[in-house]
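In: Give the three-dimensional model of this entry:
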Amino acid sequence: MQNLTTVMKGHKNPVEMLRNSQIGMYVYPVVTPEFSNWRVEQQAWRDSAVLFDQSHHMDELIVEGPQAEAFLSHHGINSFANFDLNRAKHFVSVTPAGHVIGDHIIFRERDDKFILVGRAPVSNWLQFCAATGRWNVRIKHDPRSTSRPEGERVLRTHYRYQIQGPDAPKIFEKMNGGPVPDIKFFHVDWINVGSKRVQALRHGMSGAPGLEIWGPYEDKAYILSTILQAARDAGVNLTRCGSRAYSTNTLESGWIPSPLPGIYTGDGMMAEYRDWLSSESYEAAGAIGGSFVSDNIEDYYVNPFELGYGFYIGWKKDDFVGKDALARLKDAPTNRKKVTFEWNSEDVLKVIASAFEDGIPYKWIDFPQPNYASSSADMIMSGGKMVGMSMFNGYSYNERSVLSLGVVDQSVQEGDILTLHWGESDETAKTSAEKHRQAEIRVRVAATPYAKEARENYADSWRSRAAQ
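Out: Numbers count the residues shown, from 1 in each chain. This next block holds a predicted model:
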């Protein structure tokens, strides 16, 4: 039987495997790329109101049973001490060595039932832990919609919409038939959407106020039409956001959505996990893009402290996967910190101009996001020394700048000018990378979150703590 272990054995090392992946561009599936145009759609979450359709690009995992809380607490770093009903958390899983596997948003629906939403690595990890451990839990996995459905019908367990922006409250009041409850940040309550009662999470990915609602997928068309009519009745210009603009909202709010899952090394439990993962899994088929090339896959890993998640850790829990390793890493001088990189516009234009000149151009910068791999790792240099890694990039029309999120050495300060090496350092077999030259782009180290709204108005979270 083919699994991740056998796939890895066919390559020199995991880095070589992932840098030459044939999976192609990372796709945000099903949702129309642009409803109007991505510039207007980006502006909407800052200036008016935007409607995100989040129904297709994320896995959903339902975990229930007598030991559901104990199971999730053991396999995530978070404290569950204050996790009451109708709450949500940013759930983070790590390996026994403390390397981040990924993160999900987790909702508590009952004492014994949780819903998790996010990218595949955490979903896969929790399914493995439930299948191989002695936990009294039941798991239902609803994987993300097919990246290229080729006309096939797409069905999910739940629809998921988010309405966000300064004018969003007017829409909520109309569709609810009156004022909505005062929902605290990352809390859940029930509201009306026409004749339907739906759950609503107080959330806001790009920093502006918003609610995320979900319910049975068969209600999706009715919910959408009711939202659009409520916006018209409220006199609000609600802009539907396509998949091109959607993925860029995090550049302003500072969440790195796709760190490489740290699962390619480690013995014992991790070796068993690689045997369990299929050869078609996200971890086996995914791609690393960027200028950083190392024979050691662990050079691409990050830990929770580097992503600003250290204060999530439930140190008072008796035990959880990675606890001992995280205790050793807690104050390690090698820990990096998360920052935003603001790309120099002249250097960006130089890269783009090369496509109109004879010879081999620089690596194309696609707008609004050059999403040519599932995980990115571009070298950040200072005086010939690598001091960081750019991990997710794109263009913000609101900020009129190309931005990227990544990690840097503790010695790097906000305002420092560094150099980003853009493009593959040599030719790879990945289908999403054309023949190109590597470019040097100056970047200024900036605050995270980059958007003032997100820094100042988020409730207590990694975003607000990073701004302190």
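In: So, low pLDDT: which residues of this protein?
Out: Filtered on pLDDT under 70, the chain yields the residue ranges 204-209, 453-468.
In: Hmm, E342 and T448 touching each other?
Out: No - the pair T448 / E342 is not scored as a contact, 11.0 Å apart, by Cβ atoms under 8 Å. C-beta: built from backbone N, CA, C; applies to glycine.
In: So for the two, which sits in the more crowded spot?
Out: It is T448, of T448 and E342, that has more neighbours when counted by other Cβ atoms under 10 Å, with 26 against 20.
In: contacting residues for K363?
Out: By Cβ atoms under 8 Å, 6 or more residues apart in numbering, K363 lies in contact with 351, 370, 422-424, 433-434, 436-439.
In: switch the cut-off to 7 Å
Out: 422-424, 436, 439 (Cβ atoms under 7 Å, 6 or more residues apart in numbering).
In: Leaving out sequence neighbours, find the closest residue to it.
Out: Nearest non-adjacent residue to K363, counting by Cβ to Cβ, 6 or more residues apart in numbering: G423, 3.2 Å away.
In: Against V122, how distant is the one you found?
Out: 30 Å (Cβ to Cβ, to the nearest Å).
In: can you check A447 too?
Out: Counting by Cβ to Cβ - A447 and V122 are separated by 28 Å.
In: the more surrounded of these two?
Out: V122 (25 against 17).
In: And the helices in the stretch 251-400 of the chain?
Out: 269-276, 282-285, 323-329, 345-353 (DSSP state H, counting those that start in this stretch).
In: Just name the most buried of those.
Out: Stretch with highest mean neighbour count among the helices of the stretch 251-400 of the chain: helix 282-285 (a mean of 21; mean count of other Cβ atoms under 10 Å).
In: which outside residues touch that helix?
Out: 4, 7, 21, 23, 120-121, 124, 261, 263, 277-278.
In: try 6 Å
Out: Helix 282-285 is contacted from outside by 4, 7, 23, 120, 261, 277, using Cβ atoms under 6 Å, 6 or more residues apart in numbering.
In: Over to stretch 87-97?
Out: Outside stretch 87-97, the residues touching it (Cβ under 6 Å, 6+ apart) are 75-78, 100-101, 103-108, 122, 125, 186-187, 201, 262, 266, 304, 309, 321-322, 325.
In: what do you get for stretch 233-247?
Out: By Cβ under 6 Å, 6+ apart, stretch 233-247 touches 28, 31-35, 38, 41-42, 44, 48-52, 167, 170-171, 174, 231, 369.
In: try it again with 8 Å
Out: 28-29, 31-36, 38, 40-45, 48-53, 57, 163, 167, 170-171, 173-174, 227-228, 231, 257, 368-369, 371, 394.
In: Mind checking which of those residues are in strands?
Out: 49-53, 163, 394 (DSSP state E).
In: from those residues, which single one is nearest A377?
Out: Closest approach between those and A377, by Cβ to Cβ: G394, at 15.7 Å.
In: Find the residue closest to the closest one in space, skipping its chain neighbours.
Out: G394 sits nearest to Q369 (Cβ to Cβ, 6+ apart), 3.6 Å away.
In: now swap in D426 and tell me
Out: V293 (7.4 Å).
In: That neighbour: how many residues sit nearby?
Out: Count around V293 with other Cβ under 10 Å applied: 16.
In: which residues touch it?
Out: V293 neighbours (Cβ under 8 Å, 6+ apart): 15, 19, 425-426.
In: Then A446?
Out: A446 neighbours (Cβ under 8 Å, 6+ apart): 339-342, 403, 414.
In: sorry, back to before: tell me the contacts of the residue nearest to G394?
Out: So Q369 contacts 244, 247-248, 393-395 (Cβ under 8 Å, 6+ apart).
In: quick revisit: now which of the contacts of stretch 87-97 would you call buried?
Out: 75-78, 100-101, 103-108, 122, 125, 186-187, 201, 262, 266, 304, 309, 321-322, 325 (16 or more other Cβ atoms under 10 Å).
In: So which of those residues are in helices?
Out: 122, 125, 325 (DSSP state H).
In: re earlier: neighbour count added to the contacts of Q369, as CSV?
Out: Converted to CSV, the contacts of Q369 look like this (neighbours: other Cβ atoms under 10 Å):
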residue, neighbour count
R244, 23
S247, 18
T248, 25
N393, 24
G394, 24
Y395, 23
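In: Can you tell me which of those residues is nearest K196?
Out: S247 (28.4 Å).
In: State the distance from the closest one to S21.
Out: For S247 relative to S21 (Cβ to Cβ), the value is 19 Å.
In: Show the secondary-structure elements that the strand or helix carrying E69 is packed against.
Out: If you go by DSSP states H and E, E69 is part of helix 68-74. Contact here means 3 or more Cβ pairs under 8 Å, 6 or more residues apart in numbering; DSSP states H and E; on that basis helix 68-74 packs against strand 113-118, helix 120-132.
In: got those as TSV, with distance to Y300 columns?
Out: TSV is the format used below for the helices and strands packed on helix 68-74 (distance: least, Cβ to Cβ, whole Å):
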stretch	distance to Y300
strand 113-118	19
helix 120-132	13
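In: moving C-terminal of the lengthiest helix in the chain, what's the next helix or strand?
Out: Taking DSSP H as the criterion, the chain has its longest helix at helix 220-234. Proceeding N to C from helix 220-234, the next assigned helix or strand is strand 238-241, under DSSP H and E.
In: What's the ChimeraX syntax to select whichever of the contacts of V293 are buried?
Out: What follows is the ChimeraX syntax selecting those of the contacts of V293 that are buried according to 16+ other Cβ under 10 Å:
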select :15,19
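In: for the contacts of V293, which one is nearest F114?
Out: V15 (34.6 Å).
In: count of neighbours near N20?
Out: Neighbour tally, N20, other Cβ under 10 Å: 16.
In: Excluding sequence neighbours, find me the nearest residue to it.
Out: A429 (4.0 Å).
In: Surely the one you found and M17 touch.
Out: No - the criterion here is Cβ under 8 Å, and A429 misses it with M17 at 10.5 Å.
In: neighbour-wise, which of those two wins?
Out: M17 (22 against 10).
In: Contact partners for the more buried one?
Out: Taking Cβ under 8 Å, 6+ apart, one finds 7-8, 10-11 in contact with M17.
In: can we see that at 6 Å?
Out: By Cβ under 6 Å, 6+ apart, the neighbours of M17 are H11.
In: Cool, thanks, signing off.
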